[in-house]
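Chemist: mind looking at a prediction? Sequence and model below.
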Amino acid sequence: MNQRCCVLVFVSGWIAVWMAGGCDQGRLKTEVATSVSEAPSSPDTQGVDTGPGIPAACSCVGKQCGSDGCSGACGTCVAELTCSADGQCACPGGGCSCAPACASKQCGNDGCGGVCGTCPDGSDCSVDGQCACEPVEQETVGGYLRIAVTWPKTLGVVAGSGVVHLWSRDVITYSGGAFTAHSNICGSDIPEITFSSIAGGGKMKFDFPDATFELGTPPLPLVAHGGTSAGFQIGAAFVATQSASLFGCSMADPNAAWPGSASGLTQQDDDADQKPGATANNQNGSGYVYPKVSMFGAGQADKMYLASRVIVTQNGTRQTCTTVGGAATVESFDSHVVGCHVSGGADCNATQAGFCDTNRAVMAPLSATWKSVRVSASATCAEIRAALPKVP
């Protein structure tokens, strides 16, 4: 077993703590100590001439003990150690030993010149050797919500299942055991769907441009919500009460029943592109096709103008000083196609947009998890998505 020893070496008003592994490997850690008497001038920086035969240049560089080359000494080893020819305190014959005292300690001094552990970012080591998270009054976090969903077969869509990934930027303000938060959407990834043969077959997947999420608020909607926090220690409970987040539309009561058609929504241009709803680009190629805008016509939509809503409650715990996560209850994940654009043409007419809306996948949530991580107040949505990669 590798043993370590802890010894004190007095060097010109400094205390050197020396540790050895097996007493043949050592490292030096120095700490300032107050001398009981005034320390002599450093031999490294002052020439000394004490008489004939005494050199004028003195030095203790790289030495723990032994002569300084003049009339002084570079230090004295404690009883267990001897001074080697090159001025190092060493264990004679491997007789040094030290048992680290780290029982019930996460951090701090181990009593042998080492440490019992280091604390993660955002925490400090307490006097009793425990890592304690630093409380904050406000923090900016990136949020990630993973929702497992399923959808039924319709005339135009094959039944399927997949995962919805949503990201957010949240500014949280704490007050006692409660908090308030203001959040905006920071990213979205919706599973692909497969069209039935009557709708032309093939797969469809759409994406919102990354630039949309960097627009800030406004035009992106800012959602206010709140909850409770049991503190900043690891394991402390964190609950975000139910909130409704809308994108591309508004409702007098965001928690009310989702309308059966897009006409029941108030459209809102949340990406400031002068189009209704939020614009998503449909993928084309590599197995993906543009969706048809009518049953028998030739037109296909290369863009969709969408409105969506998610209602969620989050229950979790503080996993580290800067991360929180747990299970989420998603009451609903809703959408409507409020408009579209025909590839090579103009915006869809009401009939074409209605056809696309009727043949969308109506997704129902099954289960969900969430995680948040503290980020810089100036973090971009791209940085937040990178810090919270999607879980398949």
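Modeler: Nice, thanks for sending it over.
Chemist: what helix or strand is residue 301 on?
Modeler: Assigned by DSSP states H and E, residue 301 belongs to strand 301-318.
Chemist: that strand packs against which elements?
Modeler: Using 3 or more Cβ pairs under 8 Å, 6 or more residues apart in numbering; DSSP states H and E as the contact test, the elements touching strand 301-318 are strand 138-151, strand 237-247, strand 249-250, strand 278-282, strand 323-342, helix 350-358, strand 364-375. Any C-beta I mention is one placed from the backbone N, CA and C, and that applies to glycine too.
Chemist: how about a markdown table for those, with distance to residue 68, mean neighbour count and mean pLDDT added?
Modeler: Converted to a markdown table, these look like this (distance: least, Cβ to Cβ, whole Å; neighbours: other Cβ atoms under 10 Å; pLDDT from 0 to 100):
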| stretch | distance to residue 68 | mean neighbour count | mean pLDDT |
| --- | --- | --- | --- |
| strand 138-151 | 54 | 20 | 98 |
| strand 237-247 | 60 | 19 | 97 |
| strand 249-250 | 81 | 20 | 96 |
| strand 278-282 | 75 | 22 | 98 |
| strand 323-342 | 53 | 21 | 97 |
| helix 350-358 | 88 | 18 | 94 |
| strand 364-375 | 51 | 19 | 98 |
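Chemist: low-confidence stretches in the stretch 1-150 of the chain?
Modeler: Judged by pLDDT under 70, the stretch 1-150 of the chain has its weakly predicted residues at 1-57, 78-81, 90-97, 113.
Chemist: got a list of what residue 291 touches?
Modeler: Shown in contact with residue 291 (Cβ atoms under 8 Å, 6 or more residues apart in numbering): 195, 199-200, 204, 282, 300-301, 304, 356, 359.
Chemist: now find how far off-centre stretch 71-88 is within its chain.
Modeler: The chain centroid and the centroid of stretch 71-88 are separated by 50 Å under Cα atoms, centre = their mean, to the nearest Å.
Chemist: how about that stretch: buried residues?
Modeler: Across stretch 71-88, burial judged by 16 or more other Cβ atoms under 10 Å covers 72-75, 77, 81, 83, 87-88.
Chemist: follow-up on the earlier one: partner strands of the strand holding residue 301, parallel or antiparallel?
Modeler: Applying DSSP bridges, strand 301-318 is found paired with strand 237-247 (antiparallel), strand 278-282 (antiparallel), strand 323-342 (antiparallel).
Chemist: which of the contacts of residue 291 count as buried?
Modeler: The neighbour-count test (16+ other Cβ under 10 Å) applied to the contacts of residue 291 identifies 195, 199, 204, 282, 300-301, 304, 356, 359 as buried.
Chemist: which of these scores worst on pLDDT?
Modeler: Note: of these, the lowest pLDDT belongs to residue 199, at 83.
Chemist: and the pLDDT for the residue lying closest to it once chain neighbours are set aside?
Modeler: Residue nearest to residue 199 in three dimensions, not counting chain neighbours: residue 156, with 3.6 Å by Cβ to Cβ, 6 or more residues apart in numbering. Per-residue pLDDT puts residue 156 at 89.
Chemist: with the one 5 residues further on instead?
Modeler: Residue 161 is assigned a pLDDT of 98 by the prediction.
Chemist: grab the nearest non-local neighbour of it.
Modeler: Per Cβ to Cβ, 6+ apart, closest to residue 161 is residue 150, 4.2 Å.
Chemist: what's the distance between that neighbour and residue 356?
Modeler: 21 Å (Cβ to Cβ, to the nearest Å).
Chemist: one more: residue 100?
Modeler: From residue 100 to residue 356 the distance is 68 Å (Cβ to Cβ).
Chemist: can you check residue 126 too?
Modeler: 60 Å.
Chemist: ok, back up a step: just give the number of residues close to the residue nearest to residue 199.
Modeler: 21 (other Cβ atoms under 10 Å).
Chemist: now swap in residue 222 and tell me
Modeler: 14.
Chemist: now do the contacts for it.
Modeler: Taking Cβ under 8 Å, 6+ apart, one finds 182-184 in contact with residue 222.
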